[in-house]
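**Student:** fold the following for me, if possible:
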Amino acid sequence: MDLELRHLKTIRAIADAGSLTRAATALGLAQPALSAQLKRIERALGGTLFERGRDGVRATALGDLVLDRARVVLPAVCELQEEAVRFAREGAAGHRLGGTHGPLLGGLVDRLARAGQGAPVTTYTSWSEREIAGGVAAGRLDFALVGVCGESSPPEAGRLAWTEVARDPVHVMLAVGHPLASRSEVDLADLAAEAWTDVPGDGCFGDCFAAACVRSGFTPVCVYETDTASCVHLVQVGRAVGLCRATFPATPGLVTRPLAGTPLIWRHLLGWHPEGRAARHAPDVLAHARAAHADAMARSAARLPAPATP
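**Tutor:** Numbers count the residues shown, from 1 in each chain. You can find the predicted model right below:
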């Protein structure tokens, strides 16, 4: 059997996990299948790579040698693949955008399509900011349009160039009949008895929200993490109150209000690879993203029902 990259990835996964059971879970394999694969790899390399014990596995001297080489080879091959993808894209027209949910991505697509005079604009969406950033780092996407909580670092901060598009206070969504819907802003402490709903993500927003609640003297009763349409429905029927960005479009049956004292901030960011073809287009794309944000804010403010005097 010839040694392949996938075998090196398997060896590294076992070493990182510290046990065959955890490594099998991480790799999506049954443990017997992983054990059989490891035996084949060890036969190909001429010796035992891991010593099995009650507490897991530990690399042998041969295992350490192979792992040292794997830690050099695997990143090098990954970098080669990413550079090749970026190189192949150098002559391509149009833009490939990755983004999370929200009106900002749609606004940016519209503006780029109008400005591009027929050049294609393609999109990829995900709840995961890390997945979007990884796509840009790997050359599969040109730009990432994502958000982060407060001053936290964006994903792939060491590999991508990131610029702030805008920052917004986080708002609360309330049913139009909610007792607090008439206020111009809502104190977080006044929502202590409410259930909450929010869209998923892999950043620190959930932890920051929980910390803001603790500072206001309560722990959330429950948080329903679901898609945007379900969040809207739960708010409309009075099952929960929601968290949203300031650019959230006005929607029948609910209103959005800023939280008093701005306990939570959302930063919209645009990212690209500094050595990719996107870098030379970044200033134009950034300008369009900021204009799209301004448009979204204007539409949101214009369509929201005015609060009544308390």
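
**Student:** only C-alpha atoms for contact and neighbour calcs from this point on.
**Tutor:** Will do.

**Student:** and the helices in the stretch 1-150 of the chain?
**Tutor:** 5-17, 20-27, 31-45, 61-88, 103-115, 129-137 (DSSP state H, counting those that start in this stretch).

**Student:** how about the stretch 201-310 of the chain?
**Tutor:** Going by DSSP H, counting those that start in this stretch, the stretch 201-310 of the chain shows helices at 205-215, 228-236, 282-303.

**Student:** could those helices be laid out in TSV, adding mean neighbour count and distance to residue 168?
**Tutor:** TSV is the format used below for these (neighbours: other CA atoms under 10 Å; distance: least, CA to CA, whole Å):
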stretch	mean neighbour count	distance to residue 168
helix 205-215	16	14
helix 228-236	19	18
helix 282-303	17	10
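
**Student:** of all the ones you listed, which one comes closest to residue 146?
**Tutor:** The closest of those to residue 146 is helix 282-303. By CA to CA, the value is 11.2 Å.

**Student:** hmm, back to that, among the helices of the stretch 1-150 of the chain, which is the most enclosed?
**Tutor:** helix 129-137 (a mean of 23; mean count of other CA atoms under 10 Å).

**Student:** distance from that helix to the middle of the chain?
**Tutor:** Distance of helix 129-137 from its chain centroid, counting by CA atoms, centre = their mean, to the nearest Å, is 8 Å.

**Student:** need the contact list for residue 146.
**Tutor:** By CA atoms under 8 Å, 6 or more residues apart in numbering, the residues touching residue 146 are 99-100, 129, 132, 268-270.

**Student:** what do you get if the cut-off is 7 Å, keeping everything else the same?
**Tutor:** Residue 146 sits next to 99-100, 129, 268-270 when contact means CA atoms under 7 Å, 6 or more residues apart in numbering.

**Student:** re earlier: save the helices of the stretch 1-150 of the chain as TSV, and put in distance to residue 182 too.
**Tutor:** Formatted as TSV, those follow (distance: least, CA to CA, whole Å):
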stretch	distance to residue 182
helix 5-17	53
helix 20-27	50
helix 31-45	58
helix 61-88	52
helix 103-115	25
helix 129-137	34
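
**Student:** do a quick rundown of the strands in the stretch 101-250 of the chain.
**Tutor:** Assigned by DSSP state E, counting those that start in this stretch, the stretch 101-250 of the chain shows strands spanning 121-125, 143-149, 161-169, 171-175, 196-198, 223-225, 241-244.

**Student:** chain center to the fifth one: distance?
**Tutor:** So the one you mean is strand 196-198. With CA atoms, centre = their mean as the basis, strand 196-198 stands 18 Å off its chain's centre.

**Student:** using neighbour counts, pick out the buried residues of it.
**Tutor:** Buried residues in strand 196-198, defined by neighbour count with 16 or more other CA atoms under 10 Å: 196-198.

**Student:** closest one of those residues to residue 171?
**Tutor:** Using CA to CA, residue 198 comes nearest to residue 171 of the buried residues of strand 196-198, at 11.4 Å.

**Student:** now do residue 89, the pLDDT please.
**Tutor:** Residue 89 is assigned 60 on the pLDDT scale.

**Student:** as a markdown table, the helices of the stretch 201-310 of the chain with distance to residue 119 would be great.
**Tutor:** What follows is these, written out as a markdown table (distance: least, CA to CA, whole Å):
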| stretch | distance to residue 119 |
| --- | --- |
| helix 205-215 | 36 |
| helix 228-236 | 30 |
| helix 282-303 | 14 |
